[in-house]
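**Student:** structure for the following, please:
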Amino acid sequence: MSFSSDAKAELIRLPLERDCCTITELAALTQTSGSLSMRGGGSFGISWQVENAALARRIFRMLKEPFGLTPQLVFVEHARLGGRRSCVLSIEGEDAVWLLTALRMMEPDETGRPVLRRTLPHPQIGKACCRRAYIRGAFLGAGAITSPEKGYHLEIVARDEGFCELLGKQMERSGLPVHRVVRRGLPVVYLKGAQEISDALALMEAPGAMMKLENIRITRQMRGQANRVANCDEHNSERQLAAAQAQVEAIELLAIHRGLYTLPPGLREIAELRLEHPDAALEELGALRDPPISKSGVNGRMRRLLAAAREVREELNAAGEDGARQPDRRTVTE
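**Tutor:** Here you go, the predicted model:
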């Protein structure tokens, strides 16, 4: 199962809450998966079509246990979709009138007779628990989460702008920084970022999925940090080798045009060590000397050797020569 399926399975197993939360979650499921129909004689019916059998069972429980409604359940096989089955629950008659009134789709007229006012639910969401239930129902009906190993993205596809605005408002009131976009003509509410999705899972009461996401995030962070350290070490090694090669070339230039014997003993010793160990780090060169000297001590002497080599190059350039001139026997001071 995918991460998104696992999160939904955890939410579907949650026990039903108070009646106000149950009707609010059912309102969101109706807005994402429900449809209204008119029967003969002016009666109405309402149905839900979902592909997840476990979600169909949850909707059945939401109708049956707290409210005593008995929906009909049938399975529909879609030949065009490779034989995939979906579950269809439906209620009609007095049960449908009661539910449509509870969802504020029907309201009584002057005579007290229920009249259809809206084609979609219009829930009243005043409590934090109801907001949580509404967001959970919307996610169960039309939500998805990208696998955290690939990226951080949670989205809920809305059927219309009204549902998109209401859902976005409830998510924002719950502290979730939502984004909105229109994709293929349908409005989409989405979250980006591991922390925002983790907060959403906690809000919807999916602690198992939240902990799994956090573990994956920590693993990705540690892997990224290790890669950065490795890249940094590789870069430092390349810089060290390039610097050592430049030092070798400078010392060879001094040896050809001035002779290493013209160098002070301390500089000559470091120059000879560098030629003998062209790939060694400065600390290693300092440790090879007797007595050993620090990295900063080696670095200071290398700077003087490089400065002396620059003087030789400048002299050669000024004379217009390519290195074939007679050696300059001037002494470099230590």
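**Student:** could you use CA atoms for every contact and neighbour count after this?
**Tutor:** Fine.
**Student:** what segments of the chain are strands?
**Tutor:** 34-38, 44-50, 72-78, 84-92, 106-108, 114-116, 143-145, 153-157, 179-183, 186-192 (DSSP state E).
**Student:** so what strands line up beside the longest one?
**Tutor:** It refers to strand 84-92. strand 44-50 (antiparallel), strand 72-78 (antiparallel) (DSSP bridges).
**Student:** right, so those: which one is the most enclosed?
**Tutor:** Most buried of these by mean neighbour count (mean count of other Cα atoms under 10 Å) is strand 44-50; its value is a mean of 21.
**Student:** can you list contacts of that strand?
**Tutor:** With contacts defined as Cα atoms under 8 Å, 6 or more residues apart in numbering, strand 44-50 is touched by 30, 33-39, 56, 86-93, 96-97, 141.
**Student:** outline the domain layout of the protein.
**Tutor:** 3-205, 233-319 (automatic domain parsing).
**Student:** still on that earlier bit, M1 is nearest to which of the strands paired with strand 84-92?
**Tutor:** strand 44-50 (17.4 Å; Cα to Cα).
**Student:** quick one: average pLDDT of that closest one?
**Tutor:** Strand 44-50 shows a mean pLDDT of 92.
**Student:** stretch 237-244 too?
**Tutor:** On average, stretch 237-244 scores 82.
**Student:** that stretch: which residues count as buried?
**Tutor:** Residues 240-241, 244 are the ones in stretch 237-244 that count as buried (16 or more other Cα atoms under 10 Å).
**Student:** A200 contacts G175, correct?
**Tutor:** No. Between A200 and G175 there is no contact under Cα atoms under 8 Å: 9.0 Å.
**Student:** between those two, which one's more packed in?
**Tutor:** It is A200, of A200 and G175, that has more neighbours when counted by other Cα atoms under 10 Å, with 22 against 13.
**Student:** rebuild the strands of the chain as TSV, extending it with distance to E249.
**Tutor:** Putting these into TSV (distance: least, Cα to Cα, whole Å) gives the following:
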stretch	distance to E249
strand 34-38	79
strand 44-50	74
strand 72-78	76
strand 84-92	73
strand 106-108	90
strand 114-116	91
strand 143-145	58
strand 153-157	54
strand 179-183	59
strand 186-192	53
